[in-house]
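> could you look at this predicted model? Sequence included:
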Amino acid sequence: MNRRSLIGILGWLIAAAVATVTSTWAISLLGEGLTQKVVSPMSQADVDRALAAATAPGRTVTPTPSPTGRITAPTPSPTGRIMSPSPSVTVTGGASRAFTVPGGSFVASCDGGLASLLSWSPAQGYAADDVDRGPDREVKVEFESEADKVTVKITCSGGVPVPSAKVHDD
């Protein structure tokens, strides 16, 4: 091997090492390393502030899939797998409410007898599927995991969202 080839190979190795070190350093300056999580969980106070800001009078809540934060756990059904979720947070004047079911949580509202699904958040291990956000007489969302599927249907009764949930084994 001649001297010119050795210099070329050595130059290429040095350039590759410099590029690797520089890239790693630049990523660490962004505040997150290559293996660190970028998402951090919200505290209960942050969730309360976000819900209050999102549902302030006169403010329109855009129905987008976004987490609603921690909401109280559902009450187990003594009869098995069919259950009616109980509202855990009243958001505005009884027209919008947050609910938790096995598989996730969601916020629904009623306006003029039509239900709307404002937001939903699958629980860990679940994914949201087949979402009908409305407005319509009945809206729905499904939370699916490898083990089961939770189908939630929401209607309005007296201007208040009324959900029903059914768990199906896969």
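That came through fine.
> all strands of this protein, in order?
82-83, 87-92, 96-101, 104-111, 114-122, 127-132, 139-144, 148-157, 160-169 (DSSP state E).
> quick one: which of those strands is nearest Gly8?
strand 127-132 (51.2 Å; C-beta to C-beta). The C-beta positions use only the backbone N, C-alpha and C, and glycine is treated the same way.
> let me see the mean pLDDT of the closest one.
The average pLDDT for strand 127-132 rounds to 91.
> elements contacting that strand?
strand 114-122, strand 139-144 (3 or more C-beta pairs under 8 Å, 6 or more residues apart in numbering; DSSP states H and E).
> quick one: the longest one to strand 96-101, angle?
When axes from the mean of the first three to the mean of the last three C-alpha atoms, to 10 degrees is applied, the directions of strand 114-122 and strand 96-101 differ by 50 degrees.
> pull the CA atoms of strand 114-122 into CSV?
These are the backbone C-alpha positions of strand 114-122, laid out as CSV (Å, rounded to 0.1, in the frame of the first residue of the first chain):
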residue,chain,number,x,y,z
LEU,A,114,-76.3,16.3,19.2
ALA,A,115,-73.4,14.7,20.8
SER,A,116,-69.7,15.6,20.0
LEU,A,117,-66.5,13.9,21.0
LEU,A,118,-64.2,16.7,22.0
SER,A,119,-61.0,14.8,22.9
TRP,A,120,-59.9,11.2,23.7
SER,A,121,-56.8,9.6,25.1
PRO,A,122,-56.1,5.9,25.1
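> so that it lines up with my notes, have the first residue be 175 from now on.
OK, 175 is where the count begins now, so the last one is strand 288-296.
> what's it packed up against?
Using 3+ C-beta pairs under 8 Å, 6+ apart as the test, strand 288-296 ends up in contact with strand 278-285, strand 301-306, strand 313-318, strand 322-331.
> show me what Asp310 is bridged to.
Ala289 (DSSP bridges).
> still on that earlier bit, tabulate the helices and strands packed on strand 288-296 in a markdown table, adding columns for distance to Ser179 and mean neighbour count.
Formatted as a markdown table, the helices and strands packed on strand 288-296 follow (distance: least, C-beta to C-beta, whole Å; neighbours: other C-beta atoms under 10 Å):
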| stretch | distance to Ser179 | mean neighbour count |
| --- | --- | --- |
| strand 278-285 | 62 | 25 |
| strand 301-306 | 54 | 14 |
| strand 313-318 | 58 | 24 |
| strand 322-331 | 63 | 19 |
